[in-house]
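Asks: No letters, just coordinates:
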């Protein structure tokens, strides 16, 4: 009998454990080689675990279990023949056939008396003890709504302590509707994000500076060239390529924004690896555009599209999210008008984009309506001074307000690769 022990592979450097998020197959299923059998959460990403061989699988870990890298999580019996005509997983068909059989004995059983918990609740008519009355009065709970456990239905001190406080703005008698709660365990990824966000607030001197940008020229360029750009490059011309190009230019002008702290040392990077925040089914991910300073508009758009698709499909790898020297996040896609983004450690700064609103602004002494966006830059004041942070954001603004001259060298067609 040939049985393969499937062990948890290493998702990436420094990751020692993962959590079984979801089994995609059931115990006893027949699986094909390379078929995804589970989704595992690390502290950086959700990854699929493919079957290493074909055969019948035996699960050795439950959903929610935290397992070490290298630990056996399932067995695959490679000698087991695949059921004729069955598709993987093969366990689904038998369950549908067995269901009626399992129900037959239940029909012959004598009817069971209704469980006590299902009976309508009756309220005690017994009076509360003095101690119980005091507690109920402090809580604002009507004694008539409390079931007493004492002799003759008397409400005890314990009953009063356990009595639920009425909903705000109403008495227990007037509270209506479902009042259930659901408790679920946070995923490894969500717990790690929470830890990192708290550590950023506690361990950095984070400040935020704001500005606004005029999106008029970008709107014009996208409207004028969107079809030609898409036809030639196979991707749409979005906002993110303009912001990425503006950011990489500003990072080269203000190198300390493109730096990090390592103990008592400052590390400056001569490349711009831009982390792009993408919302996925498992939470916010930040895949990285490597050497974004060398990318064209089409290159930025194509890489962002590819990485965003991987995030949403759960196929992003740890390596694709590791590193990054600066982050861009766009809360405007969800309608945010203003926010203070939190730094993505160990980086020292992050740019927050927001929604675009048609607003009246003064241009050359005249009030005109323009598509405006607030932008925010959060930065670590330990390494970036106010002058640099403000200068950086002004440089980004220059690139967005006047992209043809600042980002395209004065030739918009050549700048867009047309």
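Replies: Okay, I see it. Predicted model, so just to flag it, every value in this text is computed and none were measured.
Asks: now the helices: where do they sit in the stretch 251-400 of the chain?
Replies: Ranges of helices within the stretch 251-400 of the chain are 297-313, 386-401, based on DSSP state H, counting those that start in this stretch.
Asks: Among those, which comes closest to residue 366?
Replies: Counting by C-beta to C-beta, residue 366 lies closest to helix 386-401 out of the helices of the stretch 251-400 of the chain; the figure is 16.8 Å. Placement of C-beta: from N, CA and C, glycine included.
Asks: in this structure, which ranges drop under the pLDDT threshold?
Replies: Under the criterion pLDDT under 70, the flagged ranges of the chain are 1, 12-14, 43-45, 83-126, 130, 151-152, 164-177, 188-189, 282-283.
Asks: Can you list the neighbours in contact with stretch 56-65?
Replies: 19-23, 25-31, 37, 51, 67, 71-77, 80, 185 (C-beta atoms under 8 Å, 6 or more residues apart in numbering).
Asks: Could you tell me which of the residues you listed count as buried?
Replies: 19-21, 23, 25, 29-31, 37, 51, 67, 71, 73-77, 80 (16 or more other C-beta atoms under 10 Å).
Asks: Narrow these to those in strands?
Replies: 19-21, 23, 30-31, 37, 67, 73-77 (DSSP state E).
Asks: any idea which of those is the one closest to residue 278?
Replies: Nearest to residue 278 among those, with distances taken as C-beta to C-beta, is residue 21, at 18.5 Å.
Asks: isn't residue 314 right up against residue 39?
Replies: Yes. With contact defined as C-beta atoms under 8 Å, residue 314 counts as touching residue 39 (6.6 Å).
Asks: circling back: let me know the closest of the ones in strands among the buried ones among the contacts of stretch 56-65 to residue 379.
Replies: Within those, proximity to residue 379 (C-beta to C-beta) peaks at residue 19, which comes in at 33.1 Å.
Asks: Now do the helices in the stretch 51-200 of the chain.
Replies: Under DSSP H, counting those that start in this stretch, the stretch 51-200 of the chain gives helices at 92-108, 130-139, 157-162, 188-203.
Asks: chain center to stretch 221-235, what's the gap?
Replies: 31 Å (C-alpha atoms, centre = their mean, to the nearest Å).
Asks: show me what contacts residue 74?
Replies: 6, 37-38, 57-61.
Asks: hang on, the earlier thing: which neighbours do residue 314 and residue 39 have in common?
Replies: In contact with both residue 314 and residue 39: 46-48, using C-beta under 8 Å, 6+ apart.
Asks: Now list the buried members of these.
Replies: Buried among the shared contacts of residue 314 and residue 39 (16+ other C-beta under 10 Å): 46-47.
Asks: Identify those among the shared contacts of residue 314 and residue 39 that sit within strands.
Replies: Checking the shared contacts of residue 314 and residue 39 against DSSP E, those in strands are 46-48.
Asks: now the nearest residue to residue 251 once chain neighbours are set aside: how far from residue 157?
Replies: Nearest residue to residue 251 in three dimensions, chain neighbours excluded: residue 258, at 4.2 Å (C-beta to C-beta, 6 or more residues apart in numbering). According to C-beta to C-beta, to the nearest Å, residue 258 stands 64 Å off from residue 157.
Asks: now swap in residue 68 and tell me
Replies: 48 Å.
Asks: Which residue of the two possesses the greater neighbour count?
Replies: residue 157 (16 against 10; other C-beta atoms under 10 Å).
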